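Chemist: 3D model of this:
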Amino acid sequence: MENYNVNLKLDFKRNPYKGLYVAFEGIDGAGKTVQLDLVANYCRQKKMSYTVVNEPRRTGPVGRLINDVLQKRAHLPATAIQYLFSADRISHQQDIILPALERGETVLSHRCFWSSVPYGIMDWMETNQSTEVGYNLMVAQSILSMYYQHTVPDITFYLEVSADAAISRIRNMGVSPEYYEKRATLEKVRNGYQWMLEKFPSEFFVINAEQPVNVVSKEVLTVIEKVLSTKKSQKEKTFNVKN
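Modeler: The predicted structure is shown next:
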C-alpha cells in the first residue's frame, strides 16, 4: 500500500470587482431571509443597483434535484448531496454572481459556499466525532482547492441563534420541516459553524440574531455602510492615481 502526501498553501479567492458581495449565513431559522430583505430595501432606498440570490438554487438541472432531496422526494448519500451543492454554487457564481459584481452591482446572497463546511461536518459527524474534517471539506468543496475556488464574499454575516430558537421560528412559519430542519441536526450544524468561526474569525461578522429584528438590521447596515465607504475611498484613490 502506498501513501501520497498532498500539501496545499492557498489563500481564499477574493472579489476583484467593484461590486459588493454580501452573504448571510446561519442555521435554518436564523433570520437570513428577513435580514436580506431589509438590506434589499435599503439598497432600493439608496437607489443602488443590486441582485438578490439564493443558495442552493431550486431551479435548473442541479437545483431541481437539490429541491427534491430537501423536500424529501429523493434520497442520496450525504456526501453526494454536498457535491450537488458545490456544483450548483460553481454554476451560480459563473453565471450570475460574478457578472453582477463586474457590473458594479451589490450582490445579496442567502447563503454561499461557506454553508458546505458546517453541513458537511454535520454529515461527517454522523459516523465520526472529530470536526477536523473541515479542512478536507474546504478542499473537496472548492473553497481551498487548486482546481477551482469560489470567490469569497466581501462581507459574510453569521446570524447566531440557538437550535431551540431556530426550531421555534421554523414551527411558527407553519411549513413542513425540510431535510436538515430537525433540532439535533441543527445543533450539529451549529457546531460546524462554530468550528469555522474559530478557524477563520476575520471572514465573518457575527451577530446575535436572537435580538429584535430592528436591532439586528441596524448592526447589519452599520457594517455594510462602513465597507461601502471603504470601497468608495479605495476607488477614488485609484482614480486619482490613474489621472
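
Chemist: For the rest of this, base every contact and every neighbour count on C-alpha atoms.
Modeler: Will do.

Chemist: did I read that right, P99 in a helix?
Modeler: Yes: counting by DSSP: H, G, I helix; E, B strand; the rest coil, P99 is part of a helix.

Chemist: So what's the residue count around it?
Modeler: 14 (other C-alpha atoms under 10 Å).

Chemist: Now do it against E160, distance only.
Modeler: 30 Å (C-alpha to C-alpha, to the nearest Å).

Chemist: Then R111?
Modeler: From R111 to E160 the distance is 14 Å (C-alpha to C-alpha).

Chemist: what is in contact with these two at once?
Modeler: Contact criterion C-alpha atoms under 8 Å, 6 or more residues apart in numbering; residues shared by R111 and E160: G26.

Chemist: K231 and N41, how far apart?
Modeler: For K231, the distance to N41 equals 21 Å [C-alpha to C-alpha].

Chemist: Just checking, which helix or strand of this structure averages the lowest pLDDT?
Modeler: Lowest by mean pLDDT, DSSP states H and E among the helices and strands of the chain is helix 134-140, with a mean of 55.

Chemist: next SSE after that one?
Modeler: Remark: after helix 134-140, the chain's next helix or strand is strand 155-160, criterion DSSP states H and E.

Chemist: just the angle between the helix or strand that comes right after that next one and strand 155-160, please?
Modeler: As assigned by DSSP H and E, the chain's next helix or strand after strand 155-160 is helix 163-172. For helix 163-172 against strand 155-160, the angle between stretch directions is 90 degrees (axes from the mean of the first three to the mean of the last three C-alpha atoms, to 10 degrees).
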